[in-house]
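**Student:** With the sequence up front, the predicted model follows.
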Amino acid sequence: MTDVTLLNKQFGIPGVAQIVTGNGGLPAVQVTNTNDGTTGTIYLHGGHVTAWKPAENQEVLWCSKNSWWEPDKPIRGGVPICFPWFGAREGDATAPSHGFARILPWELESVNSQSGEVTVVVSLKSSTATRKYWPDKFLLRHRVTFGPELVMQLELTNLGNTPMIVEEAQHTYFHVGDVRQIRITGLENVKYISSVENVRDKSHAHAIVIEAETDRRYVNTTGTIVLEDRSLNRRITLKRHNSKTAVVWNPWIAKAKAMPDFSDEEWPEMMCIETANVRELPAKVGPQETHVMASRISVQSM
Ligand code: TA6
């Protein structure tokens, strides 16, 4: 059990950022007030950002009210860290979906407040728990800056002597007013694969609208993606660094019903747009090298 009092003494910044006992008794860093009134939360469980609310805005991330908050289960919502595989692990039906990083406790490395922003660094180092699934020696850091933008840097250092090939994603759940009234731009004319639509290498010249279960992997794309939310009158911009794949997902009605940690009526309130390096375009990290994939998120009124 993590000693929150001790962590708070060591890392807390009075009136700015505190280490608290969060949902399910899981420890979290709560950013209560940067200079401009931004707030946010990151759990040590999974290195998992669950909230970011820039001043004068509504919450930008979505979390299910039915989420699990348990040490061996993923939090439903926010920004799950998928690592070192994405989705089901090939050849191992017993392996946890989206890898083990999001269901392990991460270490709190630092909390810093600078020029009105708060940066929290959490890390996951290879251990007996990870070697159960994965032989490589690594250090994975999530460096998250809460401010007028949300900047999340996933830094993977290969501590071994052989190259690492991994899948990685910041599986971001955005809060929307009504998913049936959003448009997503920035992925026009990009080839995508979808098991739901049973298509490979299809593309579209128009913006994406959500009219059914949507689960698409857009390949070879590094551009900026914009989520236009007419019902909340805002535009969310996602800039990706060192990410060649974007995943777009909404479970719609049936899939939402089938998930115990996702209540039936919540699917219109969320949209996943994920910064990723997966499947045909994984991340390759040489011995002793560090690879950084990042998301930079901002919100503008429409
Ligand atoms: O990112 C899309 C996806 O791979 C979907 O296929 C769906 O499985 C979603 O992730 C959620 O996965 P999870 O394991 O968190 O339920």
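**Tutor:** Yep, it's here.

**Student:** How many neighbouring residues does residue 64 have?
**Tutor:** When neighbours are counted by other CB atoms under 10 Å, residue 64 registers 20. C-beta: built from backbone N, CA, C; applies to glycine.

**Student:** which residue packs closest to it, ignoring adjacent ones?
**Tutor:** residue 76 (4.1 Å; CB to CB, 6 or more residues apart in numbering).

**Student:** Would you confirm that the one you found contacts residue 62?
**Tutor:** No: contact criterion CB atoms under 8 Å: residue 76 and residue 62 do not qualify, at 9.3 Å.

**Student:** The two: which is more packed in?
**Tutor:** Higher neighbour count among residue 76 and residue 62: residue 76, with 23 against 20, using other CB under 10 Å.

**Student:** how close does whichever residue of the chain sits closest to the ligand sit to residue 184?
**Tutor:** Nearest residue of the chain to the ligand: residue 97, at 3.4 Å (CB to the nearest ligand atom). Between residue 97 and residue 184 the computed distance is 24 Å (CB to CB, to the nearest Å).

**Student:** between the two, who's got more neighbours?
**Tutor:** More crowded of residue 97 and residue 184, by other CB under 10 Å: residue 184, with 22 against 14.

**Student:** For that one, give me its contacts.
**Tutor:** 207-209, 225-228, 248, 271, 273 (CB atoms under 8 Å, 6 or more residues apart in numbering).

**Student:** for residue 149, same thing?
**Tutor:** 54, 296-298.

**Student:** Counting neighbours, what do you get for residue 172?
**Tutor:** Counted with other CB under 10 Å, the neighbours of residue 172 add up to 26.

**Student:** In this structure it contacts residue 271, no?
**Tutor:** No: counting by CB under 8 Å, residue 172 stays clear of residue 271, with 9.3 Å between them.

**Student:** Quote the end-to-end distance of stretch 260-269.
**Tutor:** 17 Å (CA to CA, to the nearest Å).

**Student:** Could you give the average pLDDT over it?
**Tutor:** In this model, stretch 260-269 has a mean pLDDT of 98.

**Student:** what does it contact?
**Tutor:** 62, 64-68, 73, 76, 175-180, 250-253, 255-257.

**Student:** what's the most distant pair in the contacts of residue 149?
**Tutor:** Greatest spacing in these, by CB to CB: 54 and 296 (12.8 Å).

**Student:** Between the two, which contacts overlap?
**Tutor:** What both residue 54 and residue 296 touch, as defined by CB under 8 Å, 6+ apart, is the set 149-150.

**Student:** what about residue 20, which helix or strand?
**Tutor:** Using DSSP states H and E, residue 20 sits within strand 17-21.

**Student:** Surely residue 268 forms part of a helix?
**Tutor:** Yes: under DSSP: H, G, I helix; E, B strand; the rest coil, residue 268 sits within a helix.

**Student:** what about it, how many neighbours?
**Tutor:** So residue 268, with other CB under 10 Å, has 19 neighbours.

**Student:** from here on, count from 825
**Tutor:** Will do, 825 is the new start, and the previous item becomes residue 1092.

**Student:** distance between the ends of stretch 1086-1095?
**Tutor:** End-to-end for stretch 1086-1095, by CA to CA: 13 Å.

**Student:** for stretch 899-909, same thing?
**Tutor:** End-to-end distance of stretch 899-909: 17 Å, with CA to CA as the criterion.

**Student:** For this structure, what lies in contact range of the ligand?
**Tutor:** Residues of the chain lying close to the ligand by CB under 6 Å from any ligand atom are 898, 911, 921-922, 995, 1039, 1071, 1073, 1096, 1098.

**Student:** Please repeat the previous calculation with a cut-off of 8 Å.
**Tutor:** Counting by CB under 8 Å from any ligand atom, the chain comes close to the ligand at 898, 900, 904, 906, 910-911, 921-922, 993, 995, 1019, 1039, 1071, 1073, 1075, 1079, 1083, 1085, 1096, 1098.
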